[in-house]
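Colleague: Below are the sequence and a predicted model; questions follow.
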Amino acid sequence: MSLRVIVIGAGEVGYYLADRLSLEGHHIVVIDKDEDKIKRIERLLNVMAVQGSGASAKVLEEAGIKETDLFVAVTSSDEINLIACLLAREYGVPRKVARVRSEDYLSPDSPLNEQKLGIDLIINPARVLADEIVKLSEITEATDWAEFARGKVILMGYVVKEESPLAGISLADLRELRALYDFVIVAIIRNNETIIPRGSDVIKVGDKIFVIAKKKDIPAIETLLGFKTEKPKKVFIVGGGQVGLWVAQRLEARKIEVYLVEKDEERCEELAEELEDTIILNLDGLDAQELKKEGIDQADLVITVTDVDTVNILGALLAKHHGAKKCIVRIDRPDFIPLLGGLGIDVALSPRLLAANQILRFVRRGQILSVATFLVSDAEVVEMVIPETEFFSKGRRLLEIDFPKGAIVGAIYRAGEVIIPKGETILQPGDDLVIFAKREALPKLEQLFST
């Protein structure tokens with residue numbers, strides 16, 4: 001069943017959501033005051049676009065608010081988003097989502113939190129970004145990380161380097177290694193193209209590979225494949241805004257040596273009051289010589305999270321040039337991201353797209369339990385339940401099922417156990433499947449597993 005969705009705001013988040021949800025067959029209406037943004041939506045997407053304020057009852061009625069199943073407000077204004085959601089509540093819209101930057105609405109003790117406002121989900125992009133950075137900071141060589149099946153299945157992304165034992169071998173050659181530990185290479189990203197690999201595909205230097213395995217086997221598999229996971233000992237954070245502060249607080253609590261670089265002296269004083277063990281450096285994030293004196297060349301990880309993309313990119317490149325092992329970069333322009341891998345940037349994160357992806361996970365329907373999306377790929381990993389249908393009632397071998405092109409099963413979760421599947425593996429009703437799929441395969445997957 002398709003949903004009727006209103007999206008308030010046609011910026012990066014609104015555009016991305018409208019694009020993804022319309023491809024899945026939902027009826028989308030996008031509202032924005034900006035004429036140019038509305039024209040872009042009309043030109044590029046198969047959705048309805050309305051010019052006007054999302055906080056106007058008249059505009060909302062024109063957009064069909066009375067028949068709407070899902071209401072998403074993602075403009076750059078907290079106030080517009082909240083007022084729009086309050087109006088949606090009065091019109092009886094079942095599910096409401098708001099993007100909010102202010103911390104005032106995040107605490108359960110706030111007089112205006114999501115429960116009291118009647119909003120189902122409040123997304124703070126800075127908080128989402130900080131959470132993702134902290135998660136990735138613990139995995140030295142991995143560029144992507146997601147968990148499924150109640151945390152028992154892990155997907156990791158790695159870039160294949162020249163010294164990697166994987167470079168130059170085919171997936172068929174990996175069968176011997178797979179006899180030691182069960183894992184699946186579910187995708188190869190090469191030249192910004194996603195490849196669902198077959199046995200004859202050869203892994204090349206510079207490829208990004210995605211591996212699905214049991215969580216307990218990840219350390220051994222990483223050793224087998226030539227990757228390392230180490231807790232960073234020394235971390236530099238460039239940018240003392242809210243994201244930098246949150247990340248520093250989380251890392252210092254884990255007894256990591258943290259240096260926070262901020263060029264505004266007054267802000268440095270504020271940070272010093274908020275942080276206990278972090279070393280605050282009143283420096284420009286691009287002052288390579290001064291940062292080198294402070295030891296950035298010995299850093300295990302450099303995180304650049306200023307409000308300026310160019311500063312984040314250049315700061316990370318300078319740190320890597322001087323010897324830093326890994327960098328995580330905040331990018332507000334998602335169209336920059338495909339260009340960064342070739343420059344030596346290890347991980348690029350867009351707070352807007354991370355927020356959009358969290359909203360997507362919230363709105364998924366039917367048999368989908370969870371979703372992970374990747375900024376460098378046109379694919380997702382979805383966790384889906386096999387329904388109690390006649391087709392699956394007696395069990396089906398994996399090789400018998402007509403999976404859509406561009407989809408591969410990486411793991412099965414059944415009765416508390418994880419199975420890394422082969423063609424002869426029997427699928428049963430109630431199984432959770434972890435599937436890596438290109439975007440165009442998702443509607444067919446939902447149809448295959450619909451009840």
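Modeller: Happy to help now that I have it.

Colleague: Give the buried residues for stretch 310-328.
Modeller: Across stretch 310-328, burial judged by 16 or more other Cβ atoms under 10 Å covers 311-320, 322, 324-328. All C-beta atoms are positioned from the backbone trio N, CA, C, and that covers glycine.

Colleague: Out of the residues you listed, name the two that are farthest from one another.
Modeller: 311 and 325 (20.7 Å; Cβ to Cβ).

Colleague: hang on, the earlier thing: tell me the one of the buried residues of stretch 310-328 nearest residue 202?
Modeller: Nearest to residue 202 among the buried residues of stretch 310-328, with distances taken as Cβ to Cβ, is residue 326, at 26.4 Å.

Colleague: isn't the closest one right next to residue 301, touching?
Modeller: Yes. Between residue 326 and residue 301 there is a contact at 5.0 Å, judged by Cβ atoms under 8 Å.

Colleague: Of the buried residues of stretch 310-328, which is the nearest to residue 340?
Modeller: When the buried residues of stretch 310-328 are compared for distance to residue 340 (Cβ to Cβ), residue 313 wins out at 6.9 Å.

Colleague: residue boundaries of the strands in the stretch 201-350 of the chain?
Modeller: Taking DSSP state E, counting those that start in this stretch to define them, one finds strands in the stretch 201-350 of the chain at 208-214, 234-238, 257-261, 279-281, 301-304, 327-330, 347-349.

Colleague: Among these, show me which one is buried the most.
Modeller: With neighbours defined as mean count of other Cβ atoms under 10 Å, those peak in mean count at strand 301-304, which reaches a mean of 30.

Colleague: Specify the residue ranges that define each domain of the protein.
Modeller: For the chain, automatic domain parsing gives the domain ranges 4-123, 140-225, 233-325, 359-448.

Colleague: got a list of what the residue nearest to residue 426 when sequence neighbours are not counted touches?
Modeller: Of all residues not flanking residue 426 in the chain, residue 395 sits nearest, at 4.5 Å (Cβ to Cβ, 6 or more residues apart in numbering). When contacts are counted by Cβ atoms under 8 Å, 6 or more residues apart in numbering, residue 395 touches 426-428.

Colleague: Mind doing that once more with 10 Å?
Modeller: Applying Cβ atoms under 10 Å, 6 or more residues apart in numbering, we find residue 395 in contact with 386, 425-429, 431.

Colleague: host element of the nearest residue to residue 354 once chain neighbours are set aside?
Modeller: Nearest non-adjacent residue to residue 354, counting by Cβ to Cβ, 6+ apart: residue 128, 4.7 Å away. Here residue 128 is covered by helix 125-137, with elements defined by DSSP states H and E.

Colleague: Which helix or strand lies directly C-terminal to that helix?
Modeller: strand 144-148.

Colleague: For the contacts of residue 395, name the two members farthest from one another.
Modeller: Longest span within the contacts of residue 395, Cβ to Cβ: 425 and 429, 14.6 Å.

Colleague: between the helix holding residue 128 and strand 144-148, how big is the angle?
Modeller: Angle between the axes of helix 125-137 and strand 144-148 is 90 degrees (criterion: axes from the mean of the first three to the mean of the last three Cα atoms, to 10 degrees).

Colleague: Okay, helices next: where are they in the stretch 101-250 of the chain?
Modeller: Ranges of helices in the stretch 101-250 of the chain, per DSSP state H, counting those that start in this stretch, are 114-117, 125-137, 175-178, 218-225, 242-252.

Colleague: name the helices or strands packed onto the longest one?
Modeller: I take that to be helix 125-137. Under the contact criterion of 3 or more Cβ pairs under 10 Å, 6 or more residues apart in numbering; DSSP states H and E, helix 125-137 touches strand 144-148, strand 234-238, helix 242-252, strand 301-304, strand 327-330, strand 347-349, helix 351-363.

Colleague: Give the other helices and strands that the longest one contacts.
Modeller: Looking back up the chat, that one is helix 351-363. helix 12-23, strand 70-73, strand 95-99, strand 121-123, helix 125-137, strand 368-373, strand 379-385.

Colleague: could you give the mean pLDDT of that helix?
Modeller: Throughout helix 351-363, pLDDT has a mean value of 83.

Colleague: hey, C-alpha coordinates of it in PDB?
Modeller: Only the C-alpha atoms of helix 351-363 are listed here, as PDB (Å, rounded to 0.1, in the frame of the first residue of the first chain):
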ATOM      1  CA  PRO A 351      24.500  15.600   8.400                       C
ATOM      2  CA  ARG A 352      21.600  16.400   6.100                       C
ATOM      3  CA  LEU A 353      21.600  13.000   4.400                       C
ATOM      4  CA  LEU A 354      22.200  11.100   7.700                       C
ATOM      5  CA  ALA A 355      19.100  12.900   9.000                       C
ATOM      6  CA  ALA A 356      17.200  12.000   5.900                       C
ATOM      7  CA  ASN A 357      18.200   8.400   6.100                       C
ATOM      8  CA  GLN A 358      17.100   8.200   9.800                       C
ATOM      9  CA  ILE A 359      13.700   9.600   8.600                       C
ATOM     10  CA  LEU A 360      13.600   6.900   5.900                       C
ATOM     11  CA  ARG A 361      14.200   4.200   8.500                       C
ATOM     12  CA  PHE A 362      11.200   5.600  10.400                       C
ATOM     13  CA  VAL A 363       8.800   5.600   7.500                       C
END
